[in-house]
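>>> Mind looking at a prediction? Sequence and model below.
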Amino acid sequence: MTDDKLHPSVQQCLERCGIEYKVFPCDPELADTAVFCDHYGFSLESTANTIIAAAKSDPVQYACSVVLATTKLDVNKKICGLLGVKRSSFASAEQTLQLTGMQIGGVTPFGLPDIPIYLDSRLMECDELVLGGGNRSTKVLLAPSELTKLPRSQVIDGLGLQR
């Protein structure tokens, strides 16, 4: 049994930004990208991963990145360059939860605190994207162009590197 409600901050953000979307309920045990795609019949080529990166600076700077599941985030060069820092890494599960209120497997660019949101340009080539719903029991389906309605979002070439 799943709860098909989006995380409250996600719902508020989607409405506030006028983003058109559909909710897709899923079993929380099947929320991780590869397992989700395999079980529910979605392709990795139309599924996006939302990743929080943390700059190794004082104070820590965070950024949200959205890349296709078929790519990996260029955290070493691209994120460092965008944030203007020498070193960055993937935020830990604890840092991600503390910053976003979302668990890994449900992290989404909607409803975040005021941090930059970087969107890999490859996302814009998809007809429809699957993203986390802010929890492990929902996904959000939408046209990629809807992501550009988010404040502080920016389309970046080369954010995701081919696996």
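Sure thing, it's come through.

>>> didn't R87 look like it was pressed against A55?
Yes - with contact defined as C-beta atoms under 8 Å, R87 counts as touching A55 (7.2 Å). Every C-beta, even on glycine, is put in place using the N, C-alpha and C of the backbone.

>>> Would you mind measuring from the nearest residue to L6 once chain neighbours are set aside to D58?
Nearest non-adjacent residue to L6, counting by C-beta to C-beta, 6 or more residues apart in numbering: G133, 4.8 Å away. Per C-beta to C-beta, to the nearest Å, G133 is found 33 Å from D58.

>>> From the neighbour counts alone, determine which of those two ranks first.
For G133 versus D58, the count of surrounding residues by other C-beta atoms under 10 Å is larger for G133: 30 against 6.

>>> quick one: contacts for that one?
6-7, 10, 23-24, 106, 108, 139-140 (C-beta atoms under 8 Å, 6 or more residues apart in numbering).

>>> what sits against the residue nearest to the spatial centre of the chain?
For the chain, the residue sitting closest to the mean C-alpha position, by C-alpha atoms, centre = their mean, is T50 at 2.1 Å. T50 is in contact with 64-66, 107-109, 131-132, counting by C-beta under 8 Å, 6+ apart.

>>> ok, which stretches of this structure are strands?
For the chain, the strands defined by DSSP state E occupy 22-25, 48-55, 62-68, 71-73, 88-90, 117-120, 129-132, 138-142, 153-156, 160-162.

>>> could you check the angle strand 138-142 makes with the longest one?
In other words, strand 48-55. Here strand 48-55 runs at an angle of 100 degrees relative to strand 138-142 (axes from the mean of the first three to the mean of the last three C-alpha atoms, to 10 degrees).

>>> hey, C-alpha coordinates of strand 48-55 in CSV?
Extracted in CSV, the C-alpha atoms of strand 48-55 (Å, rounded to 0.1, in the frame of the first residue of the first chain):
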residue,chain,number,x,y,z
ALA,A,48,15.9,12.0,-13.9
ASN,A,49,17.9,11.8,-10.7
THR,A,50,18.0,14.8,-8.4
ILE,A,51,21.3,15.1,-6.6
ILE,A,52,22.4,17.5,-3.9
ALA,A,53,26.0,18.5,-4.0
ALA,A,54,27.9,20.1,-1.1
ALA,A,55,30.9,22.4,-1.7
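
>>> Parallel or antiparallel, which strands does that strand pair with?
Looking at strand 48-55 with DSSP bridges, its partner strands are strand 62-68 (antiparallel), strand 88-90 (antiparallel).

>>> Which one, of these, ends up nearest to S145?
Nearest of the strands paired with strand 48-55 to S145, taken as C-beta to C-beta: strand 62-68 at 13.1 Å.
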